[in-house]
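When you get a sec, could you give me coordinates for this:
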Amino acid sequence: MDDRLRSHRKPLLVTSGKVVLPNQIAEGAVAAVEGRIDAVLLGESAIDSWLKQHPGAAVIDAEGHYVMPGLIDIHCDAIEKEVQPRPGTIFPLDMALMEFERKLPVHGITTMYHSLSLGVGLSLRGDHLLTGMVEHINDYRSKRSFIRNRIHLRYEVSHLAGMPIVKRFLNEKTIDYLSFMDHSPGQGQYREPGSFERYVMKNQVVSMDEVRVIVEDLIQRREQVNVEQLKELSGLAAKQGVAIASHDDDSAQKVEESIGYGVSVCEFPINLDTARHAADRGLHVCVGAPNVVRGASHDKNLKAADAIAAGAADILCSDYHPSSMLAAVFKLADQGVAALPAAVRMASLHPAQALGAGDELGSIEQGKAADLIIVDRYEGLPWVTHTIVGGQVVYASAVRY
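Next up, the predicted model:
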């Protein structure tokens, strides 16, 4: 699938940029041949020499803008809102995917792990829509792509009837990332009394009586969860090279339980102590870019910037708001929470490494895929002027002053 993005591309040179390398920013150029980074060129003589060797190369003048690796978003469920922008209003899956994908290069995202939920029972989260979307994404990405479309299957552990679906997707190698979720009330994201009920009433426009039925059913199913079956799923995922994440861990004990399931990524820990414990145990810790941009969790949980400042989080994801990724990277740098190369790593190299793609994606280094973005700033806000995937420009903009 990704091979299509490497072949039949003219050599490309992005020059005159502030190149964000893994550990520094360097004035220079990035050269790409056949979809891969051929060299990072520092100095006019190196650039001239490369151009002589590749006389037909396309040249993009980055005009002193930042040249960064394309962003890798390992958790974003915004595709669900594209399919169902309002409760009960479903758009065709093919239209929703194509229109959503077209937005992502504008935000600098070159690899998206579309996060699709199995068993939550809220929003677009019915089994038929989930399986339909997984199948559609797989079919679509085998034929064409603006970006690298991948699949993050979010499995609600209380959805016992969904376990065969997870097994099938793993055996068929149609998913790229798996997370175990538990949205039952009284723990995790909904540990505060009444928080789950309030969310469902607001999100689904249902009555309190209807919510009570949902809660009773969910608690009943949660009590039937079989730990050994979850471990079996974990083993199958490991066999297929699919990384596993936990979700909304709220204590060190919960982190240890997750580790027992073979988890290597801790997504959205509820508090700083939990994030620190997960990081100390060697897990990648993922926090939300919208949390960074807004300065707070929408659920009044852990502030992402606090976890990053404490060295207890190393990955940013967009969660539900793709444009927050790039804005969060620059906000972290502007506020001195992390130097720009470190902030960029959180949205590129670290997620690639966490999901087993670090040798191929995530940084501007020779031999890696030429997934690049050119970033300017307007009144402090970053905006993308060019997005390049596999050495091909998939988005370019011009602004009139």
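
Tell me who's in contact with residue 127.
Going by Cβ atoms under 8 Å, 6 or more residues apart in numbering, residue 127 touches 118-119, 161-162, 165. For glycine as for every other residue, the C-beta is placed from the backbone atoms N, C-alpha and C.

Extract the residue ranges of the stretch 51-200 of the chain that are flagged as low pLDDT.
Low-confidence segments of the stretch 51-200 of the chain, defined by pLDDT under 70: 120-126, 183-200.

In it, what residue spans correspond to strands?
Under the criterion DSSP state E, counting those that start in this stretch, the stretch 51-200 of the chain contains strands at 58-61, 66-69, 71-76, 109-118, 148-156, 177-181.

quick one, which of the ones you listed is packed in tightest?
With neighbours defined as mean count of other Cβ atoms under 10 Å, those peak in mean count at strand 71-76, which reaches a mean of 29.

Which residues does stretch 370-380 contact?
Taking contacts as Cβ under 8 Å, 6+ apart, the residues outside stretch 370-380 that touch it are 12, 14, 17, 30, 32, 35-37, 60, 62-63, 65-71, 108, 110-111, 148, 326, 330, 334, 361, 364, 382-391, 399.

Which among those residues count as buried?
Neighbour-count burial (16 or more other Cβ atoms under 10 Å) is assigned, among the contacts of stretch 370-380, to 12, 14, 17, 30, 32, 35-37, 60, 62, 65-71, 108, 110-111, 148, 326, 330, 361, 364, 382-391.

Could you double-check that residue 83 sits in contact with residue 94?
No. Using Cβ atoms under 8 Å, residue 83 is not in contact with residue 94; the gap is 10.4 Å.

who's more crowded, those two?
Neighbour count, other Cβ atoms under 10 Å: between residue 83 and residue 94, residue 83 has more, with 21 against 11.

separation between the more buried one and residue 61?
Distance, residue 83 to residue 61, using Cβ to Cβ, to the nearest Å: 39 Å.

go on, residue 49?
According to Cβ to Cβ, residue 49 and residue 61 sit 18 Å apart.

Also residue 284?
Residue 284 is 36 Å from residue 61, where distance means Cβ to Cβ.

Also residue 276?
For residue 276, the distance to residue 61 - Cβ to Cβ - is 44 Å.

likewise residue 116?
Distance from residue 116 to residue 61, by Cβ to Cβ: 40 Å.

Residue 40 contacts residue 19, correct?
Yes. Here residue 40 lies in contact with residue 19, judged by Cβ under 8 Å, at a distance of 6.3 Å.

Quickly list what's touching both of those two.
Here residue 40 and residue 19 have 26, 28-30, 364 as joint contacts, going by Cβ under 8 Å, 6+ apart.

If we only consider the residues you listed, which is nearest to residue 131?
Using Cβ to Cβ, residue 364 comes nearest to residue 131 of the shared contacts of residue 40 and residue 19, at 37.4 Å.

Could you dump the strands of the stretch 51-200 of the chain into JSON lines with distance to residue 242 added?
Formatted as JSON lines, the strands of the stretch 51-200 of the chain follow (distance: least, Cβ to Cβ, whole Å):
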{"stretch": "strand 58-61", "distance to residue 242": "36"}
{"stretch": "strand 66-69", "distance to residue 242": "23"}
{"stretch": "strand 71-76", "distance to residue 242": "12"}
{"stretch": "strand 109-118", "distance to residue 242": "11"}
{"stretch": "strand 148-156", "distance to residue 242": "9"}
{"stretch": "strand 177-181", "distance to residue 242": "5"}
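
Determine which of those strands approaches residue 354 most closely.
strand 71-76 (7.0 Å).

contacts for that closest one?
Residues outside strand 71-76 that contact it (Cβ under 8 Å, 6+ apart): 107-115, 152, 177, 179, 245, 265, 267, 286, 315, 317-320, 322, 325-326, 329, 347-348, 351-352, 354-355, 357, 361-362, 373.
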